[in-house]
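Participant: have a look at this fold, sequence not included:
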């Protein structure tokens, strides 16, 4: 058979993934995960499954529309899965997949950096604005 | 003196920085660094100082306007500094500060994850779309 599956083509392409290139799939993934709500939802799910309403409370400022859109995008990317409990009313929980857990560990380094160094960044902004103004 | 400096107030606030809170400065920083051009520019500068034109070539797809805006924002945040060589014509290089190098190391984990797992994400999208379609 001369045909190749999508998976085989991806294996062949994989060595050449490079986020610096326009149109490289790895850049699409980088763009998706650099969405601020993605980083915050991964962090919010990192200590266990949560219901939609719990996520909305934990991630302050997210609108219902953005929360729904972001959860659907994460589910499509294989990072989050829905667990439906057939109770009355039906209960739906969201949880990280193992793929999502791996991404969360990577994003955690950025979140930790932001919380640890925000004071240095704000001080730099003050200096820059004083010199420019 | 009963007055406190901005730096002292920040030290007092620091323990309570939390990216989940609306208006927390750490969330502002997280939002800035989740800009895709920021991640790519930090990576492009990680192997040494570069001129504006070199950065434009390395980060494929960035417009001159976005490159200028992003470099200025990174400089304001204390992550990048300009080095001016008084030659004819004047030469300007951009380099990471030590603060910028620390952020780059954190972002690198995300870039590496994207390049390593893009195939799993694309396969998950195929499955999702096949089931939804």
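Facilitator: Looks like it arrived, so ask away. Note that the structure is a prediction, hence the values are computed from the model and not measured. Numbers count the residues shown, from 1 in each chain, chains lettered A, B, ... in the order given.
Participant: any low-confidence regions in chain A?
Facilitator: Counting by pLDDT under 70, chain A has low-confidence residues at A:1-16, A:29, A:32-34.
Participant: show me the strands in it, by range?
Facilitator: Per DSSP state E, chain A carries strands over the ranges A:50-51, A:80-85, A:91-96.
Participant: turn those into TSV, columns for distance to chain B.
Facilitator: Glycine gets a C-beta too; all of them are placed from N, C-alpha and C. Shown next, in TSV, are the strands of chain A (distance: least, Cβ to the nearest Cβ, whole Å):
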stretch	distance to chain B
strand A:50-51	13
strand A:80-85	10
strand A:91-96	13
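Participant: those: which one's closest to residue A:43?
Facilitator: Of all the strands of chain A, it is strand A:91-96 that lies closest to residue A:43, at 10.2 Å by Cβ to Cβ.
Participant: would TSV of the strands of chain A with mean neighbour count and distance to residue B:68 be doable?
Facilitator: Output for the strands of chain A, formatted as TSV (neighbours: other Cβ atoms under 10 Å in any protein chain shown; distance: least, Cβ to Cβ, whole Å):
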stretch	mean neighbour count	distance to residue B:68
strand A:50-51	14	41
strand A:80-85	13	37
strand A:91-96	16	38
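Participant: kindly list the longest helix within chain A.
Facilitator: helix A:98-132 (DSSP state H).
Participant: compute the inter-axis angle for it and helix B:98-132.
Facilitator: 140 degrees (axes from the mean of the first three to the mean of the last three Cα atoms, to 10 degrees).
Participant: picking that back up, would you turn the strands of chain A into CSV with distance to residue A:104?
Facilitator: Shown next, in CSV, are the strands of chain A (distance: least, Cβ to Cβ, whole Å):
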stretch, distance to residue A:104
strand A:50-51, 14
strand A:80-85, 10
strand A:91-96, 6
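Participant: give me the contact list for stretch A:56-67.
Facilitator: Here stretch A:56-67 makes contact (Cβ atoms under 8 Å, 6 or more residues apart in numbering or on different chains) with A:37, A:40, A:41, A:44, A:50, A:52, A:55, A:70, B:20, B:21, B:22.
Participant: what do you get if the cut-off is 7 Å, keeping everything else the same?
Facilitator: A:37, A:40, A:41, A:44, A:55, B:20, B:21, B:22 (Cβ atoms under 7 Å, 6 or more residues apart in numbering or on different chains).
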